[in-house]
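[1] I would like the atomic coordinates for the input below:
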Amino acid sequence: MRWLAACLLTLFLGAAFARGPAPHAGTVDARSLPPEARQVLARIHAGGPFRYKRDGVIFYNREHILPSRPRGYYTEYTVPTPGARNRGARRIIAGKGDTGSPATSGEYWYTANHYASFQRIRE
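    Numbering: from 1, shown residues only. The predicted model follows:
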């Protein structure tokens, strides 16, 4: 009986991992974002200026939660966290979309937990 239970558990876990990571977790209306995130989104649309030197660097999607795209497709931007002494965990990730520019792509994701999950931003 233990052997059967072990086999079933192995099959279940194997199937779960074979599916890969979970997709991004739904969407969020831009108006529902924290005010700091709305400000960063406006700066992305304007092409800057940005507060942190790491803003606009390539986001590698190592977590494989966002759709797979070629390297360099995504860029990341820090969303300041009030009271944090560092950059905090909040980010907006921008894709290049059909326009080739994060400023006009319309392709944005928000994470409040340092890439553990994402919400697609609806504008």
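[2] Tell me how far I65 lies from N113.
    11 Å (Cβ to Cβ, to the nearest Å). Heads up, the C-betas are built off the backbone N, CA and C, glycines and all.
[3] out of the two, which sits in the busier spot?
    Legend: neighbour count by other Cβ atoms under 10 Å for I65 and N113, higher for I65 (19 against 10).
[4] Am I right that that one sits in a helix?
    No: counting by DSSP: H, G, I helix; E, B strand; the rest coil, I65 falls outside a helix, being coil.
[5] doesn't S117 make contact with it?
    Yes: using Cβ atoms under 8 Å, I65 is in contact with S117, at 6.9 Å.
[6] ok, the closest residue to R69 other than its chain neighbours - contacts?
    Computed as Cβ to Cβ, 6 or more residues apart in numbering, the closest residue to R69 that is not its neighbour in sequence is G95, at 6.7 Å. By Cβ atoms under 8 Å, 6 or more residues apart in numbering, the contact set of G95 is L66, R69, Y73, Y74, P102, S105, E107, Y108.
[7] can you list those in CSV and add distance to A46?
    Formatted as CSV, these follow (distance: Cβ to Cβ, whole Å):
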residue, distance to A46
L66, 23
R69, 24
Y73, 21
Y74, 19
P102, 11
S105, 14
E107, 17
Y108, 14
